[in-house]
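Trainee: How does the following fold in three dimensions:
(one chain, ligands or ions: 1)
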Amino acid sequence: MYLDRIVVTKKQEVEQLTQSLSIAEAERTIATMPATRGFRDALTKRANRRVGLIAEVKKASPSKGLIRPDFHPVTIAQAYEQAGADCISILTDVQYFQGNNSYLTDIRAAVNLPLLRKDFIIDEHQIYEARLIGADAILLIAAILTPEQIDRYIKTAVSLGLDILIEVHDQAELETVLSIEGSVEHGLIGVNNRDLKTFETSLSTTAELIRLLPAGVPLISESGIMSTDDIRYVSDAGAAGVLVGEYFMRQPDIAAAVHTLMAPANREAGASHE
Ligand SMILES: O=P(O)(O)OC[C@@H](O)[C@@H](O)c1c[nH]c2ccccc12
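Mentor: Have a look, this model is predicted:
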């Protein structure tokens, strides 16, 4: 399964990172940096939409190959901001997603929205690195972490001012995450609709797992959202937000695509739909 391969590559990368990044030094640098922008707040305290939007900057993926050949990360992020996205997610994995840390740093300098570093975190050093390159939030993928790691990484992230999106894709993972102290208080729960073994996406994953969440815990529905019907479906299921990449990446006019896709989630449109 591709996730195992990615983790093997990440372990090699982390070995190098451990050599080059000193945590004590990182802490000193971070102390001089501006505060992070609230990622979780931006998604949960929005006034204009029923469903928050994390719009993703994603050039390629293992399942789809090259998605957007004419790829200008800063221009894409500015279009997202202009079109009213709440947050931006940026793939920084080089090997499998053709991402880069520099994309995040460049976007940080050009837009004001909270930024999620989308990568495969398996070591503390990557969390410090995320903060140093300009991220406001990190992704933790339950499928590749032990409960002890999730617990520890949440604490590290919180100490650095980073918000956390904790990704699950089945009931067992969700139950594990819910049993970790602070996960719901500090983190946002993301449900990945993509099956990591078959690459297939099914939005019913969101509808099934949301029933297991305690009331009031916001859920982000991730992957495979491609149409206004999909937005209506996850919104009716109770999702507080969506994470959308590929659909936007395949549109020539990204700002227009954000307006079109999110129309059913606008408060006014929502009222006529309800
Ligand atoms: O491009 P999509 O189908 O809209 O999906 C976006 C996002 O959910 C997806 O990129 C993603 C979800 N979880 C991940 C973990 C690692 C890398 C990528 C992802």
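
Trainee: From now on I want contacts and neighbour counts done on CA atoms only, so please keep to that.
Mentor: OK.

Trainee: what does the stretch 101-250 of the chain put close to the ligand?
Mentor: 119, 192, 222-225, 243-247 (C-alpha under 6 Å from any ligand atom).

Trainee: can you give me the strands for the stretch 51-200 of the chain?
Mentor: Remark: strands assigned in the stretch 51-200 of the chain by DSSP state E, counting those that start in this stretch are 52-57, 60-61, 65-66, 87-91, 115-118, 137-141, 163-168, 187-192.

Trainee: And the fourth one, what does it pack against?
Mentor: The elements that strand 87-91 packs onto, with contact taken as 3 or more C-alpha pairs under 8 Å, 6 or more residues apart in numbering; DSSP states H and E, are helix 39-44, strand 52-57, strand 115-118.

Trainee: Specify the stretch among those that is closest to residue 33.
Mentor: strand 115-118 (15.3 Å; C-alpha to C-alpha).

Trainee: Show the average pLDDT along that closest one.
Mentor: In this model, strand 115-118 has an average pLDDT of 98.

Trainee: which ones are touching residue 262?
Mentor: Neighbouring residues of residue 262 by C-alpha atoms under 8 Å, 6 or more residues apart in numbering: 228, 231.

Trainee: Name the helix or strand for it, please.
Mentor: helix 254-262 (DSSP states H and E).

Trainee: Would you mark the buried spots in that helix?
Mentor: In terms of neighbour count (16 or more other C-alpha atoms under 10 Å), helix 254-262 has its buried residues at 254-255, 257-259, 261-262.

Trainee: now stretch 174-190
Mentor: So stretch 174-190, judged by 16+ other C-alpha under 10 Å, has buried residues 174, 177-178, 183-184, 186-190.

Trainee: outside of that stretch, which residues touch it?
Mentor: Looking at what lies outside stretch 174-190 - C-alpha under 8 Å, 6+ apart - the contacts are 40, 142, 147, 150-151, 154, 158, 163-168, 209, 217-222.
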